[in-house]
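Visitor: Everything below, folded, please.
(chains A and B)
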Protein chains: 2
Amino acid sequence: MTFAAMEFELRIRAVQGRMAQNDLAALLLTQDADIRYLTGYLTRFWESPTRPWFLVVPAAGLPIAVIPSIGAALMAQTVVRDIRTWGAPDYGDDGVSLLIDTLKEVAQGGKIGTPFGIESHLRMPLADWTRLCAELSIGSDHAVLRHARMIKTPAEVDSIRAACQIAGRAFQRVPEIARAGTPLAEVFRRFQMLCLEEGADWVPYLAGGAGPTGYEDVISPASEVPLQSGDIMMLDTGVIRNGYFSDFDRNFAVGVPSKAAEAAYETLLKAMQAGECALKAGNTAADVFHAMDQLCTGGKGGQSAGRLGHGLGLQLTEGLSFIADDHTVLEPGMVITLEPGVSVSGGAGLMVHEDDYVVTADGWERLSPMPPEKLVRLEP
Amino acid sequence: MTFAAMEFELRIRAVQGRMAQNDLAALLLTQDADIRYLTGYLTRFWESPTRPWFLVVPAAGLPIAVIPSIGAALMAQTVVRDIRTWGAPDYGDDGVSLLIDTLKEVAQGGKIGTPFGIESHLRMPLADWTRLCAELSIGSDHAVLRHARMIKTPAEVDSIRAACQIAGRAFQRVPEIARAGTPLAEVFRRFQMLCLEEGADWVPYLAGGAGPTGYEDVISPASEVPLQSGDIMMLDTGVIRNGYFSDFDRNFAVGVPSKAAEAAYETLLKAMQAGECALKAGNTAADVFHAMDQLCTGGKGGQSAGRLGHGLGLQLTEGLSFIADDHTVLEPGMVITLEPGVSVSGGAGLMVHEDDYVVTADGWERLSPMPPEKLVRLEP
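Guide: Prediction:
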């Protein structure tokens, strides 16, 4: 279990409070992050798509796990006491009857909700969902899980801070592993090794790129192309510590950067600072977006600029988005990234900077280390 | 792109052949592995749950991508030529209208299918799925993707073989990083570093355990408990190379193992050999299960033993399961794991062994290295 039992009992009661406001008698959860949030059930076995996993949250009391027997021993180490199992995979009935019985018993004819909105997926086969819906009426959870997860507890912030410090130490060591001539794929491998050596439990996310005017996109895997003198290289990583993510990037210059790249980096840091000024409880996500977008595009950005940051925690991205349409009011305990991006040399390339923060009662606390004032130079 | 364009064109035509047999005018795909299988679109950005991604496969011709604009540059490097984008996240319409228009255009009133069965999940919010279903009738894809993916092409087998060799080299180096006194969490970190150093692109999966009579389960993350003399330690990893998984484990003894552990390991190797004897085209998955289960439980296993192996490829586990109820007929090109498990000391613990194979025209080829005949001993 990742935290003390009390932490989960408080989370469960808070979610049950939101359930009551929405008249929900039972909540059905099927996804890793949601189930882990309420129980502490932490395993990388979600990587296997074969078996479904269900958590049923009643209006009061502890949740009930309806899971494959292969997970029973591990689930027994969490706060969950009522663990109902079947021998999965079962081609005739892969836990569906057991789930239907449990939902009926818990809901007693009351409303059943499951996550329906943005960032939620149904982690069970549609055929089984169809069987479920033939017996029971299941509607939206009114985003009770989404909203509960947006406000982090101090224990959650500690875990994210630890992940950020690990990634920060790895970024500081990039000059050890990257110079002109190093294939980007080799940089990616070595950077993940640094993250692990600095204390990451695992490294679920790494993307990046390199080129003389920045990079073409921010989600690409590495190519075997060697770094060249004059390139700007960006690494964007999400490392896990105690089940929680960091998510920030750093830019590096291979030798001497172009004036355009230096200017773009300066603009990114100014945009980040503008975001920091707007980052306070009571402001909206859109306020923060506009503050940064003024620097990034002169205020023309809107939707086409993409988002300029987002929430994070149990997942690499979760919760609010810094876009013009997100009117979420910032609250203490929200953990977010500021992620301004600018085009370089009239659109020939792109540069992006990202850092992690928690909103506090009187402003914010930086969770990732301060970025360098100038692009760090790698050996040309 | 992970392979030559011809590889994807052949895959697309093969899937379209299966679509024709099932009278499907269009296929809707929402998941990483399915979309990557037909296009080569490889990114770790799926780690972010925020944005949905859609691929629409017509009855003939190339698939159409309906994706967030953030992925357009990377998708343009694949075989896909028709790329329709929107600025995601869009809280009003997160690609749903664009997807509905595309599906209507492609299906022309004909049947639309999407994966419905085991191992498939709907990677889009249920609210958006409901909107889609209000405008269009979408049914099962009759597992056309699942069945197509079960038979690997030579290029796929090469990638899995490469992943297995990398993991094999990392396992050989475990004595460098693990001995009595090393916390298991430290072994996990160092082992992932070894996998990367030996050539893994990333390490999505690692589980394991340690104890004097084996371990309690096979899906746990690492604890901080130090290894003790007499422990049996198991590491089970899935590493990625070129987008494809290995999935096998190795057991180690810290110092001198107990007689019970030595005997269990011997039984596991015999069960593996029994599985190998049954592993041939024309036999069923159940035949292989029973051959191994005879050694593991004396033939009493059935469902309660859990499965004794499974398919793998783009995902850690995919395709068939070695259980009594799986009557899939083995065919050349199927890549699978044999994964016998036995209880140790009358159920006090568990030991599991796993290796990877491809079924060939005249038997099988081992993809993971030969396991040691005796438990490898770590420094006590």
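Visitor: CA atoms for contacts and neighbours, from now on please.
Guide: Noted.
Visitor: residues near the nearest residue to residue A:13 once chain neighbours are set aside, how many?
Guide: The shortest distance from residue A:13 to any non-neighbouring residue, by CA to CA, 6 or more residues apart in numbering or on different chains, is to residue A:60 (7.6 Å). Look at residue A:60: counted by other CA atoms under 10 Å in any protein chain shown, it has 16 neighbours.
Visitor: Residue A:31 is in contact with residue A:121, isn't it?
Guide: Yes: contact criterion CA atoms under 8 Å: residue A:31 and residue A:121 qualify, at 7.4 Å.
Visitor: Give me the most central residue, chain A.
Guide: residue A:316 (2.1 Å; CA atoms, centre = their mean).
Visitor: What pLDDT is listed against that one?
Guide: Residue A:316 is assigned a predicted lDDT (pLDDT) of 98.
Visitor: and what of the one 5 residues further on?
Guide: Among the per-residue scores, residue A:321 holds a pLDDT of 98.
Visitor: what is the nearest residue to residue A:69 once chain neighbours are set aside paired to in the beta sheet?
Guide: Of all residues not flanking residue A:69 in the chain, residue A:85 sits nearest, at 4.9 Å (CA to CA, 6+ apart). Beta bridges link residue A:85 to residue A:67, judged by DSSP bridges.
Visitor: which residues touch residue A:85?
Guide: A:66, A:67, A:68, A:69, A:72, A:95 (CA atoms under 8 Å, 6 or more residues apart in numbering or on different chains).
Visitor: Which residues does the helix or strand containing residue A:27 contact?
Guide: According to DSSP states H and E, residue A:27 maps onto strand A:24-29. Contact with strand A:24-29 is made by A:19, A:35, A:54-59, A:103, A:106-108, A:110-115, A:141, as judged by CA under 8 Å, 6+ apart.
Visitor: Repeat that for stretch A:185-201.
Guide: Contacts for stretch A:185-201 (CA under 8 Å, 6+ apart): A:163, A:166-167, A:169-171, A:173-174, A:177-178, A:202-203, A:206, A:222-225, A:239-242, B:185, B:188-190, B:192-193, B:196-197, B:199-202.
Visitor: Same question for stretch A:325-332.
Guide: A:151, A:279-286, A:320, A:358-361, B:90-91.
Visitor: what do you get if the cut-off is 6 Å, keeping everything else the same?
Guide: A:281, A:282, A:283, A:284, A:285, A:286, A:359, A:360, A:361 (CA atoms under 6 Å, 6 or more residues apart in numbering or on different chains).
Visitor: Equivalent analysis for stretch A:285-299, please.
Guide: By CA under 6 Å, 6+ apart, stretch A:285-299 touches A:271, A:274, A:275, A:278, A:322, A:323, A:324, A:326, A:327, A:328, A:342.
Visitor: Spit out the contact partners of the last one.
Guide: Contacts for residue A:342 were tallied using CA under 6 Å, 6+ apart; they are A:296, A:350, A:351.
Visitor: and it, that one's in a strand?
Guide: Yes: assignment of residue A:342 by DSSP: H, G, I helix; E, B strand; the rest coil places it within a strand.
Visitor: Enumerate the residues of the stretch 151-300 of chain A near chain B.
Guide: A:189, A:193, A:196, A:219, A:220, A:221 (CA under 6 Å from any CA of the partner chain).
Visitor: what kind of secondary structure is the third one in?
Guide: With three-state DSSP as the basis, residue A:196 sits in helix.
Visitor: quick one on the thing from earlier: how much space separates the residue lying closest to the residue nearest to the centre of chain A once chain neighbours are set aside from residue A:319?
Guide: Ranked by CA to CA, 6+ apart and with sequence neighbours excluded, the top spatial neighbour of residue A:316 is residue B:48, at 5.5 Å. Taking CA to CA, to the nearest Å as the measure, residue B:48 falls 11 Å from residue A:319.
Visitor: again, but for residue A:231
Guide: From residue A:231 over to residue A:319 the distance is 34 Å, taken as CA to CA.
Visitor: ditto for residue A:245
Guide: 14 Å.
Visitor: Equivalent analysis for residue A:358, please.
Guide: Taking CA to CA, one finds residue A:358 at 13 Å from residue A:319.
Visitor: the more surrounded of the two?
Guide: Legend: neighbour count by other CA under 10 Å for residue A:358 and residue A:319, higher for residue A:358 (25 against 22).
Visitor: relative orientation of the one helix or strand residue A:6 maps to and strand A:24-29 in degrees?
Guide: Assessed by DSSP H and E, residue A:6 sits inside helix A:5-21. Counting by axes from the mean of the first three to the mean of the last three CA atoms, to 10 degrees, helix A:5-21 lies at 130 degrees to strand A:24-29.
Visitor: Buried ones in helix A:5-21, by neighbour count?
Guide: By neighbour count on 16 or more other CA atoms under 10 Å in any protein chain shown, the buried set for helix A:5-21 is A:7, A:8, A:9, A:11, A:12, A:13, A:15, A:16, A:17, A:18, A:19.
Visitor: for stretch A:278-289, same thing?
Guide: Quick answer for stretch A:278-289 (16+ other CA under 10 Å): A:278, A:279, A:280, A:281, A:284, A:285, A:286, A:287, A:288, A:289.
Visitor: Which of the residues you listed sits closest to residue A:369?
Guide: Distance ranking of the buried residues of stretch A:278-289 against residue A:369, using CA to CA, places residue A:279 first at 17.2 Å.
Visitor: where along the stretch 1-150 of chain A do the strands fall?
Guide: A:24-29, A:54-58, A:64-68, A:82-86, A:111-114, A:138-140 (DSSP state E, counting those that start in this stretch).
Visitor: domains of chain A?
Guide: For chain A, automatic domain parsing gives the domain ranges A:5-149, A:154-378.
Visitor: any idea of the mean pLDDT for the first one?
Guide: By that I understand domain A:5-149. In the prediction, domain A:5-149 has an average pLDDT of 97.
Visitor: Span of that domain from start to end?
Guide: 17 Å.
Visitor: roughly how far out does it sit from the chain middle?
Guide: Domain A:5-149 sits 20 Å away from the centroid of its parent chain (CA atoms, centre = their mean, to the nearest Å).
Visitor: which outside residues touch the helix or strand containing residue A:209?
Guide: Here residue A:209, judged by DSSP H and E, is contained in strand A:202-211. Outside strand A:202-211, the residues that touch it by CA under 6 Å, 6+ apart are A:215, A:218-221, A:231-240.
Visitor: run the last query once more with 7 Å
Guide: By CA atoms under 7 Å, 6 or more residues apart in numbering or on different chains, the surrounding residues in contact with strand A:202-211 are A:192, A:196, A:215, A:218-222, A:231-240, B:44, B:47, B:204.
Visitor: Likewise for stretch A:103-117?
Guide: A:23-29, A:56, A:58, A:137-141, A:143, B:125-127.
Visitor: out of the residues you listed, which are buried?
Guide: Of those, these count as buried by 16+ other CA under 10 Å: A:24-29, A:56, A:58, A:138-141, A:143, B:125-127.
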